[in-house]
Structure formats: C-alpha cells, structure tokens
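Engineer: the following block contains a protein sequence and its predicted model.
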Amino acid sequence: MLVKIVGLLAISLLITGTVHAIEPSGEQMCSCVCPAGQSGTSTNDTNWTEPTLPSDLFGKFELHHGRGFDQIVSWLFNSTHNKYHANMTICFKRSNENSFDFTITMKDREQTVANINLKNRTELQLQKKIAVRNGAFYVGRQSFHIDQEDFLIVGVNSSKISNPPVLVFKRTGAASSAAVVAAAAATASNTATHNAVSPATRQRNTRGTSDVLPDKFYGNFELDRSENFDEYLTAKGYGWFTRKLVTFATFKKIFARTANKHLFDYSNLTSKKDVFYKNVGLGKKFEGEGLDSTKHEILFTLKDGKLFEHHKPLEEGEAKEETYEYSFDGDILLQKMSFNGVEGRRYYKKTT
C-alpha cells in the first residue's frame, strides 16, 4: 500500500526516478527567473519564479495533522490510532550553491526531485510549474510555506476555495516551545466550516424508509475500483497530496445479520481505522464513532432498494455532514457521493 501511495505521489510530480537539471535548450528552458523568452516579474504567470528558495523552508518536516478536512479524509491525518500518522516527511536540502533537492518520504520509501535550480529550471520542472512565489514553494497549485509557528503548511492555491484544507508538518530536530505546542493544539481543535448541503442530499435525507435490509446487502465487500473519485475530492478543495492518500487507502464494508431481522451490524474497515455499528435499525438514528474518531449522529434509511448512510458530527472536529448512497450494479456494491454537482463512485466487490 505504501508503495502505491508513494508511486502516485511521484506520478503527481511527474517524478520518474531522480530528475537532474540539464542544459537549457531554446525556449523550452528558463535561463533566468522569468518565463522563457519573456521578461518582467508578473505573478499572474504561473511559471514566473523568484530566484531562490526561502531559507526557512530548508530542513526536514514530519506530518503533524490535517486541518479543514471532512470525515472522508480527516482520519488519515488526525487519528491517534493511525499507525502511519508520523511516517510521512518532506525535506528541502541544498544540493549545491544554486540548487536544492525536494524529497517526499513515506516510511522506508522516498521520491526526490533533485537539483532544482530556480534560475535554470528543466523543461519538466517548467511543465509541472515548480516555482517560488511570495515566499512559498509551488508544484502546480500545491503550495508549501512556513507559518509563524515554524510549521510547514501544505495546501492548494485556488481562488475558488475560501478555506482550502491543508496538511501541517512539524520541523524535526528543532526545539518545540510551549507556545508552539499550544498553537498547534488550538489549530487542530478548530471547527471546520461546513459546506452547504446540496438539494440532492436534502432530498435523500427526507426520503421514506423500509425497516428491513434486503438480503443482497449482507456480506463482505472490498473496494475494487473508483470512478470520478479524484474529481470529487478536487471539487471539495483537496490538493494532489491529499487525493492520492485517500484514493489508495484500503476500504472494506461488512453487513452482518443479527437475531432480529429488523437489525443488522455494520463494519467499515480501512487501512487506517475501523468503526463498528451494532444492532442498526433502518430509519432509527443512533450515536456512533466516525472515521475521524469523533461522535456522530448516524442514520441508515432505505428507499427504492437504495441504502443511504447519513452522518452528522456531534463534536468539534474536521468532519462535515455527509450522506452516502449504496446500490447494486450487478453483483457490485456501488457507493455514490456528490459535492457541487460532481459525483464520485466507488465499487465494492463481494468476497463472501
């Protein structure tokens, strides 16, 4: 799994092994801090760059927590039970007087963009819009900058998103003052701004229910593939860094019978955290733990053969109100979710 995650991060950066600077060739290369064949310092051009990496970015940083994420991804970064939580690092290291290396490491696997010279970027680096602007390092729309408390903030730069989610990395090898620790704790406890519930979701929440789960839902289902899921996460404001982690986490769902035909047990098993709901009754609200490790009000309903799972967070945290729709495509359990008209689909194959 870690190999897949790191591989996808590498694809996102178009890293095919180690990338070295090469000699400029015509207009494909940038021999100065301006786009090839142009002059000036317009920050409206995404290939414009400042000539040097800010000195405070040099160093090694470990994943500390995520901020602004909803239920579907927050647990990847914030759960105290997440064994991968502190196993991701980012490092900026000088390779020579004019160049630096950018490295992402997950456990014992790493990918590096080597010898980045902002005054003489390679064609590949120009294509991926590797640049420094206003004190931040960019790979495409993904930004990396140091905040006032010396944390590395990794986020997406978009005028369409007012409060984009971010990953927060803590510098390693540096002393942590009480003020820094307190600020980090305060940041982690902030309540995320809830997105407006779409009309489609509101309609789902008010549909009538049956009180018996159909036989076809019972069994073990493992995630087989996804469609438009990356686009769905993009619509919610997540950058490539987050999307690849979520997309390649493992998921397994289990619907189990109980002695009462009107009740069932539900298990949501992932590579990061498991949740279990016992004696679930259709159309009956109950409180349970979400994947983000906070308390949720949960409601399962059934309408026209489709199962709906609605979550409403009851505690402060990163989770947002969500509704998931389950139906069948042949023998495949299909999960649908939507945001601002963008629908993501995940297909689960029945194993037993």
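Structural biologist: In hand now; what should we look at? Residues are numbered from 1 along each chain as shown.
Engineer: please count neighbours and contacts with C-alpha atoms only from this point.
Structural biologist: Will do.
Engineer: for the chain, which segments count as helices?
Structural biologist: Assigned by DSSP state H, the chain shows helices spanning 2-13, 71-78, 123-127, 178-188, 199-205, 229-235, 240-247.
Engineer: hey, least reliable of the ones you listed by pLDDT?
Structural biologist: Least confidently modelled of the helices of the chain is helix 178-188, at a mean of 34 by mean pLDDT.
Engineer: so this protein: which segments form each domain?
Structural biologist: Structural domains annotated on the chain: 2-188, 199-350, as defined by automatic domain parsing.
Engineer: weakest of the ones you listed in terms of mean pLDDT?
Structural biologist: domain 2-188 - the lowest mean pLDDT of those, at a mean of 65.
Engineer: contact partners for the nearest residue to F100 once chain neighbours are set aside?
Structural biologist: Counting by C-alpha to C-alpha, 6 or more residues apart in numbering, R94 is the residue found nearest to F100 once chain neighbours are left out, at 4.1 Å. Going by C-alpha atoms under 8 Å, 6 or more residues apart in numbering, R94 touches F58, F100, D101.
Engineer: pretty sure the last one contacts K93?
Structural biologist: The reference is to D101. Yes - under the criterion of C-alpha atoms under 8 Å, D101 makes contact with K93 at 5.2 Å.
Engineer: higher neighbour count, the two?
Structural biologist: D101 (20 against 17; other C-alpha atoms under 10 Å).
Engineer: what about the closest residue to the more buried one other than its chain neighbours, distance to K349?
Structural biologist: Nearest residue to D101, sequence neighbours excluded (C-alpha to C-alpha, 6+ apart): A114, at 4.4 Å. As for A114, its distance to K349 is 41 Å (criterion: C-alpha to C-alpha, to the nearest Å).
Engineer: higher neighbour count, these two?
Structural biologist: Under the neighbour definition other C-alpha under 10 Å, A114 and K349 were set side by side, and A114 has more, 20 against 17.
Engineer: let me see the contact set for the closest residue to G344 other than its chain neighbours.
Structural biologist: With sequence-adjacent residues excluded and distances taken as C-alpha to C-alpha, 6+ apart, G344 is closest to F229, at 4.3 Å. Residues in contact with F229 (C-alpha under 8 Å, 6+ apart) are T247, E343, G344, R345, R346.
Engineer: residues touching the second one, list them.
Structural biologist: For E343, the residues meeting the contact criterion (C-alpha under 8 Å, 6+ apart) are N228, F229, Y232, K336, M337.
Engineer: now K336: how far from T270?
Structural biologist: According to C-alpha to C-alpha, K336 and T270 sit 18 Å apart.
Engineer: let me fix that, I meant to ask about L302.
Structural biologist: According to C-alpha to C-alpha, L302 and T270 sit 24 Å apart.
Engineer: higher neighbour count, the two?
Structural biologist: Neighbours per residue (other C-alpha under 10 Å) separate L302 from T270, with L302 holding more: 22 against 16.
Engineer: correct me if wrong: the more buried one contacts K284.
Structural biologist: No - L302 is beyond contact range of K284, at 11.2 Å (criterion: C-alpha under 8 Å).
Engineer: is S267 in a bridge, and if so with what?
Structural biologist: I254, F276 (DSSP bridges).
Engineer: who's in contact with it?
Structural biologist: K253, I254, F255, D274, V275, F276, Y277.
Engineer: which of these has the most neighbours?
Structural biologist: Neighbour max across these (other C-alpha under 10 Å) = K253, 22 neighbours.
Engineer: relative to F308, how far out is that residue?
Structural biologist: Look at K253 and F308: by C-alpha to C-alpha, they are 14 Å apart.
Engineer: do D230 as well
Structural biologist: Distance check for D230 against F308: by C-alpha to C-alpha, it reads 22 Å.
Engineer: repeat for F229
Structural biologist: 18 Å.
Engineer: closest one of the contacts of S267 to E289?
Structural biologist: The closest of the contacts of S267 to E289 turns out to be V275 (C-alpha to C-alpha; 6.7 Å).
Engineer: so the closest one sits right up against T294, yeah?
Structural biologist: No - using C-alpha under 8 Å, V275 makes no contact with T294, being 11.1 Å away.
Engineer: strands of the stretch 201-350 of the chain, start to end?
Structural biologist: Applying DSSP state E, counting those that start in this stretch to the stretch 201-350 of the chain gives strands spanning 219-227, 251-257, 263-270, 274-281, 286-289, 295-303, 306-313, 322-329, 332-339, 342-350.
Engineer: what of the stretch 51-200 of the chain?
Structural biologist: Under DSSP E, counting those that start in this stretch, the stretch 51-200 of the chain gives strands at 59-67, 88-94, 100-106, 109-116, 130-133, 136-139, 142-146, 151-156, 166-171.
Engineer: strand 151-156 and the last one, what's the angle between them?
Structural biologist: Counting by axes from the mean of the first three to the mean of the last three C-alpha atoms, to 10 degrees, strand 166-171 lies at 150 degrees to strand 151-156.
Engineer: next one: the second one
Structural biologist: Regarding strand 88-94 and strand 151-156, their directions subtend 100 degrees when assessed with the same axes, to 10 degrees.
Engineer: quick one: strands adjacent to strand 88-94?
Structural biologist: Strand 88-94 is paired, per DSSP bridges, with strand 59-67 (antiparallel), strand 100-106 (antiparallel).
Engineer: pick the most buried one from those.
Structural biologist: strand 59-67 (a mean of 21; mean count of other C-alpha atoms under 10 Å).
Engineer: can I get that strand in PDB, CA atoms only?
Structural biologist: In PDB, the C-alpha atoms belonging to strand 59-67 read as follows (Å, rounded to 0.1, in the frame of the first residue of the first chain):
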ATOM      1  CA  GLY A  59      15.000  21.200   6.700                       C
ATOM      2  CA  LYS A  60      13.000  18.100   7.400                       C
ATOM      3  CA  PHE A  61       9.400  18.100   8.400                       C
ATOM      4  CA  GLU A  62       7.100  15.300   9.700                       C
ATOM      5  CA  LEU A  63       3.300  15.100   9.200                       C
ATOM      6  CA  HIS A  64       1.700  16.500  12.300                       C
ATOM      7  CA  HIS A  65      -2.000  16.900  11.500                       C
ATOM      8  CA  GLY A  66      -4.600  17.900   8.800                       C
ATOM      9  CA  ARG A  67      -6.800  20.900   9.000                       C
END
